[in-house]
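Asker: Any chance you could fold what I've pasted below:
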Amino acid sequence: MPECTFLPGPATGRRCAAAALAVMAGLVLHGAAAAQAASAPQARGLHSVRTLHWLAGCWHSEIDEPGSGEQWMAPAGGTMLGAARMLKGGRVVQAEFLQVRETATGTLVYSTHPPGQPGRSFVATEIGATVAVFENPGPDFPQRVIYRLQPDGRLAARAEGLRNGELRGVDFPMRRGACTAQPAPGG
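Answerer: Modelled structure (predicted):
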């Protein structure tokens with residue numbers, strides 16, 4: 001009988017050939033899958049928070065009162081930290097602490113933490129040099145948070161999803177500005 005050292009028991013030529021083909025096919029398929037994963041990190045969610053360096057800085061709302069907007073720290077330690085607020089009549093009517101972090105599996109997660117409310121997390125579905133899209137398919141609005149850097153340097157932020165069964169969206173157009181402290185009107 002022929003010797004086939006990688007199979008237990010008696011081996012035949014046909015059995016050895018079949019086993020060798022199976023091993024080779026497995027290696028080829030594994031190699032193809034690894035190559036596909038390496039060449040398409042966008043589809044697999046493998047990202048570094050450093051990709052979002054363009055989001056760092058102070059962003060002033062173009063539609064709300066002065067003092068409204070978001071401020072993001074530069075990426076460091078696998079995270080970006082941010083804060084958002086909206087003013088009306090010189091008072092804060094909405095505020096959130098924000099975070100984008102890398103998970104151990106290479107996925108980016110965007111989390112919002114409004115004071116006095118439970119936080120929510122959204123998983124990155126698209127990350128690029130000028131775009132970040134995060135999704136949470138749960139029942140609460142929004143289900144998607146989008147940041148898109150416009151060619152003119154402005155930031156188009158959007159929260160969208162289903163509300164009462166209808167697709168809705170709220171836009172937050174912002175422009176990059178100085179991070180200096182400026183007192184809000186009346187405050």
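Asker: Output the lowest mean pLDDT helix or strand found in the chain.
Answerer: helix 13-39 (a mean of 34; mean pLDDT, DSSP states H and E).
Asker: Who does the residue nearest in space to the middle of the chain form a beta bridge with?
Answerer: Central residue of the chain (CA atoms, centre = their mean): residue 124, 2.6 Å from the mean position. Going by DSSP bridges, residue 124 is paired in beta bridges with residue 134.
Asker: what's near enough to touch it?
Answerer: 45, 47, 107, 108, 109, 110, 132, 133, 134 (CB atoms under 8 Å, 6 or more residues apart in numbering). Any C-beta I mention is one placed from the backbone N, CA and C, and that applies to glycine too.
Asker: and which of those is nearest to residue 92?
Answerer: Nearest to residue 92, judged by CB to CB, of these is residue 110 at 21.5 Å.
Asker: residues contacting the closest residue to the closest one other than its chain neighbours?
Answerer: Counting by CB to CB, 6 or more residues apart in numbering, residue 134 is the residue found nearest to residue 110 once chain neighbours are left out, at 4.0 Å. Residues counted as contacts of residue 134 (CB under 8 Å, 6+ apart) are 108, 109, 110, 122, 123, 124, 125, 144, 145, 146.
Asker: if I've got this straight, the last one is in a strand?
Answerer: Yes: read with DSSP: H, G, I helix; E, B strand; the rest coil, residue 146 is one of the residues of a strand.
Asker: Counting neighbours, what do you get for it?
Answerer: 20 (other CB atoms under 10 Å).
Asker: For it, which non-adjacent residue is spatially closest?
Answerer: Nearest non-adjacent residue to residue 146, counting by CB to CB, 6+ apart: residue 158, 4.4 Å away.
Asker: Could you name the helices and strands sitting against the strand or helix carrying the one you found?
Answerer: Using DSSP states H and E, residue 158 sits in strand 155-163. Packing partners of strand 155-163 (3 or more CB pairs under 8 Å, 6 or more residues apart in numbering; DSSP states H and E): strand 144-149, strand 166-177.
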